[in-house]
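*Asks:* For reference, the sequence and a predicted model appear below.
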Amino acid sequence: MPFADHLPHPRDLVRFGPPAASNAVALRAGVSVAVPLATLMLTGHLEWAAYAAFGAFTALYGRIEGYRRRLPTQLAAAAVLVAATGGGALLAATSPSNAAGTWPIVLAAAATAVVASLIGDAAGWHPVGPLFAVFAIATCAAIPTDSGGVVASFVVSAATAAFAVGVGALGALSRRRRAVHHPARLPFGARRVVDDPQVLRHAVRYGLAALVAGSVANVIGIGHPGWAMVAAIASLVGPDTPGRVLRGLHRVAGTAVGLVIAAALLSLHLDGWAVVATVVVLQTVTELFVGRNYGFAMIFITPMALLMTTMVTVTPTDVLVRDRGVETFVGAVVGVGLAFLATEHRAAVRTARSTLEA
């Protein structure tokens, strides 16, 4: 079969999908991150910003579902995100090096990818995959902390996740929404983990992606292996091989542009309310576009991630920019490489092509 059959069409790189319910999703995401960060700023604990941010990511799940269907999805996501955030802090507190780039972080993130993938497929959540859980454990494991920080990681992420779930349930107050009947849905399809072989394949593939990308990043030794693992997993999110290659290309291209913006913002040395406000704006704008064109959304995701890094660690701008660029490229290459090894997707492409030619 021609190699081109596995590649996305060039138009897909710049195509924007319909806005759907992106405005409502962006508003929920913005509020869910703004209030916790503002609270930490007012109480003088901005060093816990990463813990709050990962709890706030709960708002991103069930993005296009009605509020009744969204609740079980977000509860499952919240449990995973809080466990990953707290687990990362616990690893940081107990690790001999207490810093990023250690093999325990890579192994823990790979294991998290497997478990989060199984739970996500069983719960049927969207966005699919273990990306945010891996991001949480790898990032929090790289933030030096002690036993007090571990407690704070669980408390802050859990409180923020609960707030995000509450924001997502506000639709229940709408008369129009109360008048609409939403069919009940089982909150957790545990039997699917056993009955559907695709679920296990997804989990193994995500775990392998995190393990390989993180290992390569550690061997290179430039720091922040979590970014490579996240990029690898992000590149595997897609219905078929062309879709996954497109995600990888979007990740690299969007990051490249985003790094230019990030460098400019970091050169301003924002702090306090300025950096909080900038992160909230970037998060909100991201959610307006992430479902329409992933590459364009990466332009905003990239500076947001780097700004959040500066909230909890002190790293030179040139090092942050270099690490983000290299790690993203490494992760995308690993993810796309694994996408081409997914034989069932090559078969799917072949079947689709045969149908068109028939």
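*Replies:* Looks like it arrived, so ask away.

*Asks:* so residue 78 makes contact with residue 59?
*Replies:* No: between residue 78 and residue 59 there is no contact under C-beta atoms under 8 Å: 9.7 Å. All C-beta atoms are positioned from the backbone trio N, CA, C, and that covers glycine.

*Asks:* more neighbours, the two?
*Replies:* Set residue 78 next to residue 59 and count neighbours by other C-beta atoms under 10 Å: residue 59 wins out with 31 against 22.

*Asks:* any idea how far the more buried one is from residue 29?
*Replies:* The spacing between residue 59 and residue 29, counted by C-beta to C-beta, to the nearest Å, is 5 Å.

*Asks:* Repeat that for residue 327.
*Replies:* Distance from residue 327 to residue 29, by C-beta to C-beta: 24 Å.

*Asks:* try residue 68
*Replies:* Distance, residue 68 to residue 29, using C-beta to C-beta: 20 Å.

*Asks:* What of residue 114?
*Replies:* On the measure of C-beta to C-beta, residue 114 and residue 29 end up 27 Å apart.

*Asks:* Quick check: what element follows the helix or strand harbouring residue 140 along the chain?
*Replies:* Using DSSP states H and E, residue 140 sits in helix 131-141. Going down the chain from helix 131-141, the next helix or strand is helix 147-168, by DSSP H and E.

*Asks:* Show me where the stretch 251-358 of the chain has its helices.
*Replies:* 273-289, 294-312, 317-340, 343-357 (DSSP state H, counting those that start in this stretch).

*Asks:* got those as JSON lines, with mean neighbour count columns?
*Replies:* Shown next, in JSON lines, are those (neighbours: other C-beta atoms under 10 Å):
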{"stretch": "helix 273-289", "mean neighbour count": "19"}
{"stretch": "helix 294-312", "mean neighbour count": "22"}
{"stretch": "helix 317-340", "mean neighbour count": "21"}
{"stretch": "helix 343-357", "mean neighbour count": "12"}
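
*Asks:* quick check, distance from stretch 275-290 to the centre of its chain.
*Replies:* Centre-to-centre, stretch 275-290 and its host chain are 14 Å apart (C-alpha atoms, centre = their mean, to the nearest Å).

*Asks:* Kindly apply the preceding question to stretch 128-140 instead.
*Replies:* Using C-alpha atoms, centre = their mean, the offset of stretch 128-140 from its chain centre is 6 Å.

*Asks:* Check which residues of that stretch are buried.
*Replies:* 129-140 (16 or more other C-beta atoms under 10 Å).

*Asks:* Please convert these to a markdown table, extending it with distance to residue 107 and pLDDT.
*Replies:* Output for the buried residues of stretch 128-140, formatted as a markdown table (distance: C-beta to C-beta, whole Å; pLDDT from 0 to 100):
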| residue | distance to residue 107 | pLDDT |
| --- | --- | --- |
| 129 | 19 | 92 |
| 130 | 15 | 96 |
| 131 | 18 | 96 |
| 132 | 19 | 97 |
| 133 | 15 | 98 |
| 134 | 12 | 98 |
| 135 | 16 | 97 |
| 136 | 16 | 97 |
| 137 | 11 | 97 |
| 138 | 11 | 95 |
| 139 | 16 | 95 |
| 140 | 15 | 95 |
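
*Asks:* So which of these is the closest to residue 222?
*Replies:* residue 138 (14.7 Å; C-beta to C-beta).

*Asks:* Leaving aside the residues adjacent along the chain, what's closest to the closest one?
*Replies:* Sequence neighbours aside, residue 226 is the residue nearest to residue 138 in space, at 2.8 Å (criterion: C-beta to C-beta, 6 or more residues apart in numbering).

*Asks:* Is there a neighbour count for that neighbour? I'd like the number.
*Replies:* By other C-beta under 10 Å, neighbour count at residue 226 equals 29.

*Asks:* Mind checking the pLDDT average for stretch 162-178?
*Replies:* Average pLDDT, stretch 162-178: 75.

*Asks:* do stretch 148-159 as well
*Replies:* 97.

*Asks:* just stretch 272-291 next, same as before
*Replies:* 95.

*Asks:* And residue 68 and residue 29? Which one has more around it.
*Replies:* residue 29 (27 against 17).

*Asks:* which residues does that one contact?
*Replies:* Residue 29 is in contact with 56, 59-60, 283-284, 286-287, counting by C-beta atoms under 8 Å, 6 or more residues apart in numbering.

*Asks:* go on, residue 58?
*Replies:* 32, 74, 77-78, 81, 160-161, 164-165, 168.
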